[in-house]
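Undergrad: Next one to model:
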Amino acid sequence: MENKQINIGIIGCGRIAQTRHIPEYASNKNANILGYFDFNKQRAEEIAKKYGGKVYESVEAMLADNDIDAVSVCVTNSAHASISIQALNAGKNVLCEKPMATSLEDSEAMVWAAKKNHKLLMIDQNQRFAKTHIRAKELLEKNTIGKALTFKSTFGHGGPETWSVDGGPNTWFFDKNKSKYGAIFDLGVHKIDLVQYLLNSAVNNVSARLTTLDKKDSTGKLIGVDDNAISIYELDNGVIGTVTSSWTYYGEEDNSTIVYGSEGIMKIYDDPTYSIVVIKKNGEKILYDIDQIQTNDNQTKSGVMDEFIDSLIEKRVPKSDAESVINSMRAVFASIESNETGKRVSISGTK
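TA: The predicted model follows:
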């Protein structure tokens, strides 16, 4: 690989930028953070002091800088599409946080903008990069548990109040104008994307229920977005299963996926010691100690920024490019539609 520096701009300097994007770029010898923009200028200035680089007065000022090759879009959900499209139109490559956008139309517009401008658009679907998920996919493709039949995938923790930079009940995650939806956007998108990745098949039918059971805003009223979402997904290959996303798992985080096959069961990130446990039909157990899943309290390197930089240097499509993530967004919005209509929703255009 040629040794080329990719100059990066960071748009939005909140928790995800501070925990993942900035330190991971800083540790990549081929990445150079040129500068930052945040509506809270002081926050951007503090980060620039720590990591080097300058503070831009506006998104437009950053995008007008010809030295910037690529940007990380780490703003609130509602601004993902507009800023990503603006950046692509300015000739920048883009790594955008998940969820891709707050509507399917906006998600598709992002893909189109990347194609039109011949630029890379990668979405931070970081579960595809976890070593255990990569290994689980290989084992499933080798029919380790026979033919996959059903699955259940869960992502639940106590909520984003402690994660967001501006935490507590005033977190932007609870503000419908900024987040649009709750647990399904924050957590569900990860597992919906993961299931399709692991089982190498797209969702084609959805039945879902989104609800708000417990989370309250600063006035003591239930928040305006879902704190729990439970969906049944049917895949093109006939596999059927559930995805649960929850902000009300108080006490312990659950980030597990279990696949049930014709010859056994595969439990992924379900056991505290072994990241994959395969239980065969005859009761035989095969244990894999690969890594530990990331939690809000235990952050490890995601590999996403390294993949983004490598794909730019190698001039190839990244592993979670927007076009491969669009199926996941279709499934998310079908879940929302199913909840609103009370009906099972079919998805077209997933092939």
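
Undergrad: quick one, what contacts residue 311?
TA: By Cβ atoms under 8 Å, 6 or more residues apart in numbering, residue 311 lies in contact with 120, 122, 317, 318, 319. Heads up, the C-betas are built off the backbone N, CA and C, glycines and all.

Undergrad: Quickly name whichever of these is closest to residue 144.
TA: Comparing the contacts of residue 311 against residue 144 with Cβ to Cβ places residue 319 closest, at 22.1 Å.

Undergrad: Check the closest one and give its pLDDT.
TA: Here, the pLDDT recorded for residue 319 equals 93.

Undergrad: Can you give me the neighbour number for it?
TA: Neighbours of residue 319 under the rule other Cβ atoms under 10 Å: 18.

Undergrad: Can you tell me how far residue 306 is from residue 26?
TA: Per Cβ to Cβ, to the nearest Å, residue 306 is found 12 Å from residue 26.

Undergrad: Dump the contacts of residue 311 to a markdown table, plus distance to residue 289.
TA: Below are those laid out as a markdown table (distance: Cβ to Cβ, whole Å):
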| residue | distance to residue 289 |
| --- | --- |
| 120 | 35 |
| 122 | 30 |
| 317 | 32 |
| 318 | 29 |
| 319 | 24 |
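
Undergrad: Can you say which of the residues you listed are buried?
TA: 120, 122, 318, 319 (16 or more other Cβ atoms under 10 Å).

Undergrad: Who are the contact partners of the last one?
TA: For residue 319, the residues meeting the contact criterion (Cβ under 8 Å, 6+ apart) are 128, 129, 307, 311.

Undergrad: in a helix, that's where the last one is, yeah?
TA: Yes: assessed by DSSP: H, G, I helix; E, B strand; the rest coil, residue 311 belongs to a helix.

Undergrad: Could you save the buried ones among the contacts of residue 311 as TSV and add columns showing secondary structure and distance to residue 180?
TA: Below are those laid out as TSV (DSSP: H, G, I helix; E, B strand; the rest coil; distance: Cβ to Cβ, whole Å):
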residue	secondary structure	distance to residue 180
120	coil	25
122	strand	21
318	coil	25
319	coil	26
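
Undergrad: Do a quick rundown of the helices in this protein.
TA: All helices of the chain, identified by DSSP state H, fall at 15-16, 22-26, 41-51, 59-63, 80-89, 104-117, 131-141, 176-179, 183, 189-199, 304-314, 322-341.

Undergrad: Of those, which is nearest residue 170?
TA: Comparing these by Cβ to Cβ, helix 176-179 comes nearest, at 11.2 Å.

Undergrad: now, which of the contacts of residue 319 sits nearest residue 279?
TA: Nearest to residue 279 among the contacts of residue 319: residue 128, at 24.6 Å, using Cβ to Cβ.

Undergrad: How much space separates the closest residue to residue 246 other than its chain neighbours from residue 144?
TA: Of all residues not flanking residue 246 in the chain, residue 156 sits nearest, at 3.6 Å (Cβ to Cβ, 6 or more residues apart in numbering). According to Cβ to Cβ, residue 156 stands 27 Å off from residue 144.

Undergrad: go on, residue 279?
TA: To residue 144, residue 279 is 11 Å away according to Cβ to Cβ.

Undergrad: Now for the residue nearest the centre of the chain: which residues touch it?
TA: Central residue of the chain (Cα atoms, centre = their mean): residue 125, 3.5 Å from the mean position. Residues in contact with residue 125 (Cβ under 8 Å, 6+ apart) are 98, 189, 190, 193, 194, 197, 320, 325, 328.

Undergrad: care to break this protein down by domain?
TA: Split into domains by automatic domain parsing, the chain comes to 6-126+302-321, 127-298+328-346.

Undergrad: For the first one, measure first residue to last.
TA: So that's domain 6-126+302-321. Across its full length, domain 6-126+302-321 reaches 18 Å between end residues, using Cα to Cα, to the nearest Å.

Undergrad: now swap in the longest one and tell me
TA: Distance between the two ends of domain 127-298+328-346: 25 Å, counting by Cα to Cα.

Undergrad: Repeat that for stretch 169-188.
TA: 21 Å.

Undergrad: likewise stretch 159-174?
TA: Termini of stretch 159-174 sit 10 Å apart (Cα to Cα).

Undergrad: what's the average pLDDT for that stretch?
TA: 81.

Undergrad: Then stretch 109-129?
TA: For stretch 109-129, the per-residue pLDDT averages 97.

Undergrad: Now do the buried residues in that stretch.
TA: For stretch 109-129, by 16+ other Cβ under 10 Å, it's 109-111, 113-114, 117, 119-129.
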